[in-house]
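Undergrad: Predicted model and sequence below, questions to follow.
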Amino acid sequence: MIQFLHVGKAFPGGRSALEDVCFHLERGEFAFLSGASGAGKTTLLKLIYREIEPSSGQILVNGRNVASIPRAKVPFLRRTIGVVFQNFRLISRKTVLENVSYLPRILGMSQQERRRLAYNTLRRVGLAHRMSAFPSELSGGEQQRVTIARALINRPEILIADEPTGNLDPELSWEIVRLFLEINGKGTTVLLATHEHSYVQALGGRSLVLDRGRLVKDEYVEGHVGDIESDFAGEATDRRRSSTERTA
Amino acid sequence: MLVRVFGYFLSEAAMSLRRSWKVSLVAIVTIAMSLFIGGTFLLLTANLSRVVENWRGEARIVIYLTADELAKEDSRAVLLASEPPWVTAVEEVSAAEARSRFEATFPSVRELFKDWEEEPLPPSLEVAFEADSVEAERLDQWLTALRSDPSVLMVDDDRDWLRQLEALIAILTGLGAVVGMALLTAAVFTIASVIRLTAYLYRDEIEVMRLVGATELFIRGPFYVEGTFQGLIGGVLAVVGLFGGYLLLNPKASTTFLGNVLIDRFLSPGALISILLLGSLAGLLGAVLSLRREELGQ
């Protein structure tokens, strides 16, 4: 589904953000991308939906070389990838409904279709009752769930999230992570970037670890039932294990 | 689908105009002013052209003769004047008739000729002709022949001052075009600045749109429509201003010769539509110029 082949990214001035990164994420897989701040997590995610282009190597998404997609076709790539941002990036002057149904609007769906689709997606993230609210009227957790709903509305095959819990308190963070696991359970490939090792340790599963731009670990981790949110973590570990077995 | 997308462009443009109406107003007023000034020139030259066209149809050649020439039965000048096929009528105006016309036209100075023993004005021939059915060269040859006749004192060709009037119209049209285009260019750049400012205000939103998969047309469309709206509104204001000015000045102007000539009729529907189209196009051009790739942070 997502394949990185010796990918490197250097920014103007010569600063290297990624070096020789190789990994392959299968369809329906869930993986954590972790590493300290500045390790290159955001750069790696941006390369997937081509906000930036690699300096070397190849990135294949669904078998297509992302770098070779003409500029005019990039929007069509992005419509197949749901992206969740740490800082939400919601449009403040639009309601929850309008924020979530932006992509269907681009796709030319009728207002009725858009509304129905947005309602169903918001219900999935538990926010159907806040459709008319503006982002400023929502809590951080609610805003993040709106961002997730926006990313999910076109039923993307891939969902990538950049520190989706970075601005949330621990309780809300677990709620969001649980949501990603549920989404993954329905077949969506999920790549979740976080600097919090605790999720990986508690939940287990595929773990990609970056350190100063290099992929230093790519392994399957056993979850530690008994850590925070132990019941949930145990349940999730079972799901990760079965997911891993399925893809293997 | 296209209708829905265009509906989206319209609603977004209208919302943006509402939200930033103060800066939009600057652009609208600038374009309205330039179109109003250009339209004023158009109004004046259109009226002047129409009058010149009417006068052209009534143009005469007046041949002034020596005192006793009309009394001669075999006047060579009369023969020469009525000979060409393009001449449609020759009216003989005697010296007494000329004096009578003068006194009727200028009654305040009729006493001037009271004690004169001789007629003050010469007799003349007023020649009507079809200008379209004769080559200018042949007409000039005919006039030269008339002027060389010893019984002819002077030949007055209406076409001479019509030509001067046409030159004046051409100058006015050129001046109007230059001033109008200069102001319109300024208006285009004002609109471009306003749209650029709006795009800057919405830069975060534009980034989000791009990241969720909006095409460039979808992102730029509302701005193009907004620029076109601004131009169109400016055009409407210019037309309203021109019509208001016409209604205000026309009754007063019609009492004077020059006023009657310059603002006798309002602009044609075609000219009004052109003003609106020009405004809209200027607005669209401003938007296109303002949204070059680098302006949108691409």
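TA: Noted; the coordinates are in hand.
Undergrad: What average pLDDT does the one helix or strand B:Leu48 maps to get?
TA: If you go by DSSP states H and E, B:Leu48 is part of helix B:21-57. For helix B:21-57, mean pLDDT is 86.
Undergrad: Could I get the full set of strands for chain A?
TA: Here chain A has its strands, by DSSP state E, at A:2-10, A:16-25, A:30-34, A:56-61, A:64-65, A:81-84, A:158-162, A:189-194, A:205-211, A:214-221.
Undergrad: Out of those, flag the one nearest chain B.
TA: strand A:81-84 (6.1 Å; Cβ to the nearest Cβ). Every C-beta, even on glycine, is put in place using the N, C-alpha and C of the backbone.
Undergrad: What's the local residue count around residue 14?
TA: No chain in the question, so chain A it is. Neighbourhood size, A:Gly14 [other Cβ atoms under 10 Å in any protein chain shown]: 6.
Undergrad: ah, I was thinking of chain B
TA: B:Ala14: 14 neighbours (other Cβ under 10 Å).
Undergrad: again, but for B:Lys252
TA: 10.
Undergrad: Quick check: it vs B:Tyr246, distance?
TA: Using Cβ to Cβ, to the nearest Å, B:Lys252 is found at 11 Å from B:Tyr246.
Undergrad: need the contact list for B:Glu166.
TA: Counting by Cβ atoms under 8 Å, 6 or more residues apart in numbering or on different chains, B:Glu166 makes contact with B:Val52.
Undergrad: Mind checking what helix or strand follows the helix or strand where it lies in sequence?
TA: Here B:Glu166, judged by DSSP H and E, is contained in helix B:158-201. Using DSSP H and E, the helix or strand that follows helix B:158-201 in sequence is helix B:203-211.
Undergrad: Summarise which helices and strands the next helix-or-strand element following that following helix is packed against.
TA: Next in sequence after helix B:203-211, counting helices and strands by DSSP H and E, comes helix B:216-253. Where contact means 3 or more Cβ pairs under 8 Å, 6 or more residues apart in numbering or on different chains; DSSP states H and E, helix B:216-253 is packed against helix B:2-19, helix B:21-57, helix B:158-201, helix B:203-211, helix B:257-262, helix B:269-290.
Undergrad: Distance to A:Glu51 added to those helices, as CSV?
TA: Formatted as CSV, the helices and strands packed on helix B:216-253 follow (distance: least, Cβ to Cβ, whole Å):
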stretch, distance to A:Glu51
helix B:2-19, 24
helix B:21-57, 30
helix B:158-201, 19
helix B:203-211, 7
helix B:257-262, 62
helix B:269-290, 24
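Undergrad: lowest-confidence stretch among those helices?
TA: Across these, helix B:257-262 gives the lowest mean pLDDT, at a mean of 71.
Undergrad: just the CA coordinates of it, formatted as PDB?
TA: What follows is helix B:257-262, C-alpha atoms only, in PDB (Å, rounded to 0.1, in the frame of the first residue of the first chain):
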ATOM      1  CA  PHE B 257     -26.500  74.400 -29.300                       C
ATOM      2  CA  LEU B 258     -23.400  72.700 -28.000                       C
ATOM      3  CA  GLY B 259     -25.200  71.000 -25.200                       C
ATOM      4  CA  ASN B 260     -27.800  69.700 -27.600                       C
ATOM      5  CA  VAL B 261     -25.000  68.300 -29.800                       C
ATOM      6  CA  LEU B 262     -23.000  66.700 -27.100                       C
END
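Undergrad: residues making contact with it?
TA: B:44, B:47-48, B:51, B:249, B:252-254.
Undergrad: Just the buried subset of those residues, written out for ChimeraX, thanks.
TA: Selection of the buried residues among the contacts of helix B:257-262 in ChimeraX, burial being defined by 16 or more other Cβ atoms under 10 Å in any protein chain shown:
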select /B:44,47,48,51,253
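Undergrad: so which of the contacts of helix B:257-262 would you say is closest to chain A?
TA: Using Cβ to the nearest Cβ, the contacts of helix B:257-262 come closest to chain A at B:Leu249, 46.0 Å.
Undergrad: interface residues of chain B facing chain A?
TA: By the rule Cβ under 8 Å from any Cβ of the partner chain, the part of chain B lying against chain A is B:1-2, B:4-5, B:8, B:204-205, B:207-216, B:218.
Undergrad: Any idea which of the helices and strands packed on helix B:216-253 gets closest to A:Leu191?
TA: Judged by Cβ to Cβ, the one of the helices and strands packed on helix B:216-253 that comes nearest to A:Leu191 is helix B:203-211, at 15.8 Å.
Undergrad: show me what contacts the residue nearest to the spatial centre of chain A?
TA: Centroid check for chain A by Cα atoms, centre = their mean gives A:Ile160 as the closest residue, at 1.9 Å. By Cβ under 8 Å, 6+ apart, A:Ile160 lies in contact with A:45, A:48-49, A:81-84, A:190-193.
Undergrad: ok, now with 6 Å
TA: A:45, A:48, A:83, A:191 (Cβ atoms under 6 Å, 6 or more residues apart in numbering or on different chains).
Undergrad: Identify the bridge partners of the last one.
TA: I take that to be A:Leu191. Note on A:Leu191: beta-bridge partners by DSSP bridges are A:Ala31, A:Ile160.
Undergrad: Could you double-check that it sits in contact with A:Phe32?
TA: No: A:Leu191 lies out of contact with A:Phe32 (Cβ atoms under 6 Å); the separation is 8.2 Å.
Undergrad: Now the common contact residues for the two.
TA: Counting by Cβ under 6 Å, 6+ apart, no residue touches both A:Leu191 and A:Phe32.
Undergrad: Distance of whichever residue of the stretch 1-150 of chain B sits closest to chain A relative to A:Met109?
TA: The minimum distance from the stretch 1-150 of chain B to chain A, using Cβ to the nearest Cβ, falls at B:Met1 (3.5 Å). B:Met1 sits 9 Å away from A:Met109, going by Cβ to Cβ.
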